[in-house]
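Engineer: When you get a sec, could you give me coordinates for this:
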Amino acid sequence: MATTVQWAAERAEVEAILRSGIFNRAPNLESFFRYVCERQFSGEADEVKEYSIAVEALRRPPDFDQKKDSIVRVEAHRLRKRLSEFYAADGASHAVQITIPPGQYIPHFTFRDPASVRKGAKDAVAAPVTPRPTAANAEMMMGRTVQVNLRQAPGVVIEAPPENRPSPEFRRTSPPSPEFRPPSPEFRPPSLKFPPSLKFRRTSRFAWIGLAVLCVLGGAGLFWSYNRTRSAPPEVWQGSLVPVGGELRFLAGYHGNSFHDRQDRVWQSDRYYTGGVSMTVPAGRAYEGLPDPAFVRSYREGAFRYDIPLAPGTYELRLYFIETEFGEGNPGGGPVNIRLFRVDLNGKPVLDLFDALSEAGAPNRLQVRVFRDVSPAKDGRLHLAFQQSAGAKPFLSALEVLPVTPGHVRPIRIVAQKNNVADTEGRVWQADQYAVGGTQVDRAFVTGPERVLFHGERFGNFSYRIPVAPGKYRLRLYFAETYFGTKLPYAENNLGDPRIFNVFANGLALIRNFDLSKEAGGPTQPLVKEFENLEPNAQGLIVLEFIPVHNYAEVNAIEILEME
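Structural biologist: Numbers count the residues shown, from 1 in each chain. Below you'll find the model as predicted:
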């Protein structure tokens, strides 16, 4: 009877997990968990494979290829983490605890105290259990309630309603113990409902296998060509270790001549690395938010580290990521969370479970993380380690180390022009960068001492994704109306037609129904709007959105300064 009591306690713990809410807004994790538990209870644990989980639980198509899509491994990692967090908090006192060991997909049930298990099983399974009616589990649970009663009568240990009785092929996952007494013919163990359509899925799966094999064989040559560089041995940089005292910029995985971007910054070839392999990015793709159209050239991938010799001092560190392998339209395809990795700075994590694709919001879009008050370790080097958490291997596109005054970061000044400009105080404003959407054009009709800042604009429906370190910032936006409502020759058809738009920062409205020409006192008149106490979002960005209301939005220059 003890074995049957334990079996009931396992069932009760599964239901307790499902009722706990740890799978709220995570339908994939709930489907994964239900599937592997049902297979365990029905004695079909040996049928649980990465493919079966993907197709039957996560609803991947029959031609699912685990080499290209790591969704199962990623979701398994997330599920292990959710269970660990649950048993470290609300579930700490549970008599039965569920784990999924690394490298496996079958749940393991740990009984902390057999006496408390028997008592806990009676209490836990006596109440009706109604699974939460989410869209992800509606088909699986079929909207039914499971009632389990634990009795002491000889030969009858557990009873359940007829609709919850399993099919004749029901098999236990382990043989009964010596004291186990077979239940009466009326005994029907409760069952977590599983979609009736799965038998059809298994049948149709084999019907698709032939086609899938042909597709795989047809693409084998391309797949080998795409992945052959990953079999290369880890690389080690051989070069000078003289400490760097000024600005340092290099493109990860790049081994050509130094590259000058439109902001007049020099990016060197890859250096100071140990491990990983250099990957080349194919030309001809469209990228978003770049400092220069030719900025994307390569990346370093794998388990690697950088040990950068630096002169004593304080620095600002910028890490650049552009996901060019995974995401819709890229060779690896797949969903988000295809790469999860960790970055350690001088032995301490600064990014954990980092997903560059999800952070950027789209593939082929620049994502930059900024770290303030960075100094070399005691050995005079800045140590960066990239370690895999789940999915594909870590990567880095570029790195920037900039000397700063302790406690401060560098100001950001951007003009919507193709080249840098200097204002009357000699401050350099960098050429247009970090923009997504819109069009950059030249303008030359604004007068005044700082007219050089208004000789270009970005217009349309667009945004700027500007990376900053944690802190509070002052934002200045520079505007001038040089098209709508003017008497310029090319705008005669727009006489008297105003430009009205909204401006948002990280989702909060800064300006609504902004009539630029009216507020500036007429066309070609410069106008500066200032805002304070802006902070970066969770991705380390100040996202400025320019949304048209009537005609196009526009901006000429952007300035972001750290507040004292």
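
Engineer: Any stretches of the stretch 101-250 of the chain with poor pLDDT?
Structural biologist: Within the stretch 101-250 of the chain, the stretches with pLDDT under 70 are 113-232.

Engineer: do the same with the chain
Structural biologist: For the chain, the ranges with pLDDT under 70 are 1-3, 113-232, 335-337, 485-496.

Engineer: what kind of secondary structure is residue 438 in?
Structural biologist: strand (DSSP: H, G, I helix; E, B strand; the rest coil).

Engineer: how about the strands in the stretch 1-150 of the chain?
Structural biologist: 96-99, 108-111, 149-150 (DSSP state E, counting those that start in this stretch).

Engineer: got those strands as TSV, with distance to residue 277 columns?
Structural biologist: For the C-beta atoms, the positions are set from N, CA and C on the backbone; glycine is no exception. Shown next, in TSV, are those (distance: least, Cβ to Cβ, whole Å):
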stretch	distance to residue 277
strand 96-99	35
strand 108-111	36
strand 149-150	58
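
Engineer: Return the most buried member of those.
Structural biologist: strand 96-99 (a mean of 19; mean count of other Cβ atoms under 10 Å).

Engineer: Next, report how far it is displaced from the centre of its chain.
Structural biologist: 28 Å (Cα atoms, centre = their mean, to the nearest Å).

Engineer: cool, stretch 287-305 as well?
Structural biologist: 17 Å.

Engineer: what distance separates the start and the end of it?
Structural biologist: 26 Å (Cα to Cα, to the nearest Å).

Engineer: next one: stretch 241-249
Structural biologist: End-to-end distance (Cα to Cα), stretch 241-249: 15 Å.

Engineer: What are the buried residues along that stretch?
Structural biologist: 244, 248, 249 (16 or more other Cβ atoms under 10 Å).

Engineer: Likewise for stretch 529-543?
Structural biologist: 534, 536, 539, 540, 541, 542, 543.

Engineer: one step back: among the strands of the stretch 1-150 of the chain, which comes closest to residue 300?
Structural biologist: strand 96-99 (34.8 Å; Cβ to Cβ).

Engineer: and the closest one, which strands flank it?
Structural biologist: Paired strands of strand 96-99, with direction, are strand 108-111 (antiparallel) (DSSP bridges).

Engineer: Name the residues that touch the strand it pairs with?
Structural biologist: 6, 9, 10, 13, 95, 96, 97, 98, 99, 100, 101, 117 (Cβ atoms under 8 Å, 6 or more residues apart in numbering).

Engineer: What separation do you get for the closest residue to the third one other than its chain neighbours and residue 100?
Structural biologist: When the adjacent residues along the chain are set aside, residue 10 lies closest to residue 109, with 4.8 Å between them (Cβ to Cβ, 6 or more residues apart in numbering). The spacing between residue 109 and residue 100, counted by Cβ to Cβ, to the nearest Å, is 11 Å.

Engineer: Narrow the buried residues of stretch 529-543 to those in strands?
Structural biologist: Counting by DSSP state E, the buried residues of stretch 529-543 place 534, 541, 542, 543 in strands.

Engineer: So what pairs up with the residue nearest to residue 10 in the strands?
Structural biologist: With DSSP bridges as the rule, residue 109 is bridged to residue 98.

Engineer: give the contact list for residue 409.
Structural biologist: Applying Cβ under 8 Å, 6+ apart, the residues contacting residue 409 are 316, 370, 372, 468, 469, 471, 562.
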